[in-house]
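[1] What follows is a predicted structure for the sequence shown.
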Amino acid sequence: MRFISIFLILTAQLFSQNFEKGIGYYKSKNYKKAITELKRVAEIDNNNYLAPYYIGMSFLMLEDVENSLDYFTKSIQINGKYADAFNSRGLAYGYVGQVEESIVDFDRAIILDPNFAEAYLNRATANSDLGNISQAISDFTDAIRLSPQNPSIYYQRGQLYQKQKDYESAILDFKHAIDVGFKRSDVYFELGNCHFISEQWRKAIDAYSEAIRLNPRNDKAINNRALSYDKIGRDADAKKDRETLEKMAGVKFTPFDKIKWKKFTSSDKAITIELPNDWYFYEVEKSLDRTEIMISPNKWDGKSADILASVNLVMNRNMNALYQVSGSHELVDFWSNSNGKNTEGYLEYFVGSQHIKQIDGFYAKVYRTFRKVDAKSIAFESYEVAAADDDNLFYGYFQSPDSQWKYYDKIFEKSIKTLKFQ
């Protein structure tokens, strides 16, 4: 019996060492080694719920969400009262787009621990993703009650108040975020926007100025400060901001009423449009079935996938022979469906409005859109135009960075009216 006791003591010591070693690897962000050590612990002790939990966390940090879900579930099966496991599994569900499942787990975490601030915060984010804005605000409020010094919560709740057009509450939250540590350019920018919409021009200028001081390349803040200067008659200051934007963008923002217009035409005469006369014209493709041109205030090297502001126009011919689709309405729907599939993987994409009209005898739809491809890319606003007759499909993208949209919007609106097809 004594030998058995010694064996059990040594096994327990080895188990404890492996566990501590695994946790040490996890804390030092060596997640692969953490997984190796903690798997040994899980094999020895089937009742240890922390080993699979930290294995799940390690997989989550390695962006292996499927394995993380498996191990969080194992932890929950061993100990169904461990709130952290439900909270972490909820996060993992959110990463793979299963937002409703994530809310169920956050609910359970909060039931188990009503003072779990992070779970309220995570549930707020999930509800926001589902469009449950009022519930999200309520969850953020609970998170603030439990963690009043976390500036991120005030900032996120302020953004939701903005969506609800409750600018007074949003202003208070952005100021709280700043007071408890979020002295960031983007927070001051949002604060400025709330003051601007509330017609508090001088307060907007102060907020935008601080946003620019913290990030001199915050072009949105520079643009909006110029608009605020316009409102109080400080024309020289507005002009100075716009000159800064011109240097940053590498283009000249000629006032709309002083633009000189030029007719741009593809070499096969298929597409004609009027745009500012100092823009650059590029013929991207000309074939029997397709004509593509691009006009932009920016120079293009012919290789870059994207430039900033641009008008991209395409005429596809012989659509029935190529795609077995004909008829104006059917062709526009065909383009719309294809375009929808192309945008499925974008971080953000939504249609603000759409209009049906005639463009040079073609049946057409004009869409007002916003897109952000991924977290690292800039956001674009655009008019997307699809027009067709019996066998020809035209489509065009009139786009600019969203920070410059207020300037290009009028140009694009006018130029769309000048489109001609042949």
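    Done, it's in.

[2] Tell me where the protein has strands.
    261-265, 271-276, 280-286, 290-296, 310-316, 348-359, 362-372, 380-388, 393-401, 420-421 (DSSP state E).

[3] Isn't F350 up against Y367?
    No - counting by C-beta atoms under 8 Å, F350 stays clear of Y367, with 10.2 Å between them. Using the backbone N, CA and C atoms, a C-beta is placed for each residue, glycine as well.

[4] Who has more neighbours out of these two?
    Neighbours per residue, other C-beta atoms under 10 Å: of F350 and Y367, the larger number sits with Y367, 17 against 10.

[5] Excluding chain neighbours, what is closest to that one?
    Excluding the flanking residues, the one nearest Y367 by C-beta to C-beta, 6 or more residues apart in numbering is E384, at 4.3 Å.

[6] Let me know how buried that neighbour is, in neighbour terms.
    Neighbour number of E384 under other C-beta under 10 Å is 20.

[7] Enumerate every residue touching it.
    Counting by C-beta atoms under 8 Å, 6 or more residues apart in numbering, E384 touches N339, V366, Y367, T369, Y395, G396, Y397, F398.

[8] does the residue nearest to the fifth one when sequence neighbours are not counted have beta-bridge partners, and which?
    In this structure, Y395 finds its nearest non-sequential neighbour in A386, 4.8 Å apart by C-beta to C-beta, 6+ apart. The partner list for A386 in beta bridges (DSSP bridges) reads K365, Y395.

[9] and A386, how many neighbours?
    24.

[10] That one is in contact with E330, isn't it?
    No - in this structure A386 lies outside contact range of E330 using C-beta under 8 Å: 11.6 Å.

[11] Verify the stated contact: I359 with Y383.
    No - using C-beta under 8 Å as the test, I359 is too far from Y383 to be in contact (11.8 Å).

[12] Quickly list what's touching both of those two.
    Common neighbours of I359 and Y383 (C-beta under 8 Å, 6+ apart) are I416.

[13] What subset of the contacts of E384 is buried?
    For the contacts of E384, a burial check counting by 16 or more other C-beta atoms under 10 Å picks out N339, V366, Y367, T369, Y395, G396, Y397, F398.

[14] Now do the same contact list for the last one.
    With contact taken as C-beta under 8 Å, 6+ apart, F398 is in contact with V311, S382, Y383, E384, V385, Y408, F412, S415, I416.

[15] one step back: could I get the strands of the chain in TSV, plus columns for mean pLDDT and distance to M61?
    Converted to TSV, the strands of the chain look like this (pLDDT from 0 to 100; distance: least, C-beta to C-beta, whole Å):
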stretch	mean pLDDT	distance to M61
strand 261-265	97	52
strand 271-276	97	49
strand 280-286	92	43
strand 290-296	94	42
strand 310-316	95	39
strand 348-359	87	25
strand 362-372	92	25
strand 380-388	95	32
strand 393-401	94	33
strand 420-421	95	54
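
[16] Quick check: which of these is nearest to L245?
    strand 393-401 (10.6 Å; C-beta to C-beta).

[17] Next, the angle strand 310-316 makes with the closest one.
    Interaxial angle of strand 393-401 relative to strand 310-316 (axes from the mean of the first three to the mean of the last three C-alpha atoms, to 10 degrees): 170 degrees.

[18] Need the residues that contact stretch 267-276.
    Residues beyond stretch 267-276 that count as contacts (C-beta under 8 Å, 6+ apart) turn out to be 254, 259-266, 283, 286, 291, 293, 295, 297, 311, 313, 315, 394, 411, 414-415, 418-422.

[19] buried sites along that stretch?
    A270, I271, T272, I273, E274, L275, P276.

[20] Same question for stretch 316-327.
    Judged by neighbour count using 16+ other C-beta under 10 Å, the buried positions of stretch 316-327 are N316, R317, M319, S326, G327.

[21] now do stretch 327-334
    Buried, per 16+ other C-beta under 10 Å, within stretch 327-334: G327, S328, L331, V332, F334.
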